[in-house]
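Undergrad: need coordinates for the following:
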Amino acid sequence: MAPEPQTTGLVHHPDGCARCWWAGLDPLYVAYHDTEWGVPEYDSRALYEKLILDGFQAGLSWITILRRREGFRSAFAGFDPERIARFTEADIERLMADTGIIRNRAKIVGAVNGARAFLRIEESGPGFSRFLWDLAGGAPAQPRPQSRADIPTETEVSRAMGRALKAEGFSFCGPTIVYAFMQAVGMVNDHLAGCHRHAPCAALAKPAP
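TA: Residues are numbered from 1 along each chain as shown. I've put the predicted structure just below:
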């Protein structure tokens, strides 16, 4: 039995759960929706990984990246910024030949430059996590969207965060990419109000440490 789409953007699945429309039927996508998306993330390394993966998503669907996430983790040294910051031109050529990732030179170089920017932020202030969460207002926003029409593709906060990241040396951090990143890491809880994950994510919201 296929899930029934609703005009609000909720989809009622055979397991009895109502989910955001974008999760669809793919088991990998449903698991991501149910366990990761919208959960507040405060770990700096994990935030770097997600930001870089969202940059690789530019022009593609998120499921394309999700299916290759383990390949990305293997190719990019577990998204350890200290290791990635030391990548050389030979490493970039290695990555350009790696079929387990998206082979886009600008995005690969952007990930390396982003690692170097990450280290500068870690060394010069309260850390990457606090840098991002301060830009996001210090705690997860809880807008309670009633339908998909209530969810923006960018906000003034994502525009400001994108400008700040670009100034630090990151690329592929336009306001739409950054807003998708903010949704994914729980800086804004954009699960629809009727989604079974809205309340659990809201319960996890707390001021950033």
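
Undergrad: let me see the contact set for the residue positioned nearest the centre of the chain.
TA: Closest residue to the average C-alpha location of the chain: residue 181 at 3.4 Å, with CA atoms, centre = their mean. If a contact means CB atoms under 8 Å, 6 or more residues apart in numbering, then residue 181 has 50, 51, 54, 187 as its contacts. C-beta here means a position set from N, CA and C on the backbone, and glycine is covered the same way.

Undergrad: number of residues surrounding the first one?
TA: With neighbours defined by other CB atoms under 10 Å, the count for residue 50 comes to 18.

Undergrad: same check, this time on residue 65
TA: 19.

Undergrad: before we move on, what SS does the nearest residue to residue 147 once chain neighbours are set aside have?
TA: Nearest non-adjacent residue to residue 147, counting by CB to CB, 6 or more residues apart in numbering: residue 8, 4.4 Å away. Put simply, residue 8 is coil when judged by DSSP: H, G, I helix; E, B strand; the rest coil.

Undergrad: which of the contacts of residue 181 lies closest to residue 111?
TA: Nearest to residue 111 out of the contacts of residue 181 is residue 51 (CB to CB; 9.4 Å).

Undergrad: I'd assumed that closest one was in a helix, is it?
TA: Yes. Under three-state DSSP, residue 51 falls within a helix.

Undergrad: what sits against it?
TA: Contacts of residue 51 (CB under 8 Å, 6+ apart): 114, 165, 170, 173, 181.

Undergrad: what separates the last one from residue 89, distance-wise?
TA: Going back to what we said before, that points to residue 181. 28 Å (CB to CB, to the nearest Å).

Undergrad: just the third one next, same as before
TA: In this view, residue 170 and residue 89 are 20 Å apart by CB to CB.

Undergrad: tell me which of the two has more neighbours.
TA: Higher neighbour count among residue 170 and residue 89: residue 170, with 24 against 9, using other CB under 10 Å.

Undergrad: tell me the phi and psi of that one?
TA: In terms of degrees, to the nearest 10, the main-chain angles of residue 170 are phi -80, psi 160.

Undergrad: quick check, it in contact with residue 112.
TA: No. The pair residue 170 / residue 112 is not scored as a contact, 11.1 Å apart, by CB atoms under 8 Å.

Undergrad: mind listing the helices for the chain?
TA: 27-35, 44-57, 62-66, 69-75, 81-84, 89-96, 105-124, 128-135, 156-168, 175-184, 198-204 (DSSP state H).

Undergrad: can you list those helices in JSON lines and add distance to residue 146 and mean pLDDT?
TA: As requested, the helices of the chain are exported to JSON lines (distance: least, CB to CB, whole Å; pLDDT from 0 to 100):
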{"stretch": "helix 27-35", "distance to residue 146": "18", "mean pLDDT": "97"}
{"stretch": "helix 44-57", "distance to residue 146": "25", "mean pLDDT": "97"}
{"stretch": "helix 62-66", "distance to residue 146": "23", "mean pLDDT": "95"}
{"stretch": "helix 69-75", "distance to residue 146": "31", "mean pLDDT": "97"}
{"stretch": "helix 81-84", "distance to residue 146": "39", "mean pLDDT": "98"}
{"stretch": "helix 89-96", "distance to residue 146": "43", "mean pLDDT": "98"}
{"stretch": "helix 105-124", "distance to residue 146": "35", "mean pLDDT": "97"}
{"stretch": "helix 128-135", "distance to residue 146": "26", "mean pLDDT": "98"}
{"stretch": "helix 156-168", "distance to residue 146": "21", "mean pLDDT": "98"}
{"stretch": "helix 175-184", "distance to residue 146": "16", "mean pLDDT": "98"}
{"stretch": "helix 198-204", "distance to residue 146": "11", "mean pLDDT": "96"}
